[in-house]
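Participant: I'd like to go over a predicted model; first the sequence, then the structure.
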Amino acid sequence: MPYNGAVARVARLPERVEPRYLAEREARLCGQLSLARMERLAASLCDGEGTVFIDLLFEKDEQGRDMAVGHVTARLPVRCQRCLEAMEIAIATAVCLAFTDAEAPPPDGYDTVPLVGDTISLSDLVEDELMLALPMAPMHEDCPVGVWRRYLENRAPSEAPRKPFAALARIRRPAG
Ligand SMILES: [Zn+2]
């Protein structure tokens, strides 16, 4: 999903949010988050540079549950698991979360976020969504040609051209 430029106009996002408060007011949070705070996600990336955009509407559903609905899009630096070159992957994931009391059993059919206290880190929330959306083994559709050329050039010398006559000589040598 391409990033919608309109989101960029929104002011800086808060570090911590109050989901219940935001849901009561049907607040919408759009904007860019820094990857720098997402240390768990960083373990799966090959670089700390990247961009994350969120567009989340907080609202109450018919049962009065506090929800966050929208999407998270990101361009993340990862290593191709086939050629091991750095590459960027685009992630676009839909978000539909219900915030629950930490003690309450999670409602069926929802991704739930247990709330301990009133506030939650927006970064942590989005990081969880990105980690779920990140492919286990990201790969280029077509790995760059230069990579394969380097691979062939760097192959071990043991893979030098075969010498069929040497093999023949061994066969002809009398046993013992
Ligand atoms: Zn590749």
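Facilitator: Noted; the coordinates are in hand.
Participant: all contacts plus neighbour counts: C-alpha atoms, from now on.
Facilitator: OK.
Participant: in this protein, where's the longest helix?
Facilitator: helix 122-133 (DSSP state H).
Participant: that one packs against which elements?
Facilitator: If contacts are counted by 3 or more Cα pairs under 8 Å, 6 or more residues apart in numbering; DSSP states H and E, helix 122-133 sits against strand 16-17, helix 39-42, strand 66-79, strand 86-101.
Participant: list the buried ones in the last one?
Facilitator: Looking back up the chat, that one is strand 86-101. 86-93, 95-100 (16 or more other Cα atoms under 10 Å).
Participant: flag the least confident of those.
Facilitator: Within those, Thr100 has the lowest pLDDT, namely 87.
Participant: which residue sits closest to it, ignoring its sequence neighbours?
Facilitator: Ranked by Cα to Cα, 6 or more residues apart in numbering and with sequence neighbours excluded, the top spatial neighbour of Thr100 is Pro114, at 4.8 Å.
Participant: what does Pro77 give?
Facilitator: Nearest to Pro77 is Glu88, by Cα to Cα, 6+ apart, at 4.5 Å.
Participant: OK, contacts around the one you found?
Facilitator: Residues counted as contacts of Glu88 (Cα atoms under 8 Å, 6 or more residues apart in numbering) are Arg75, Leu76, Pro77, Val78.
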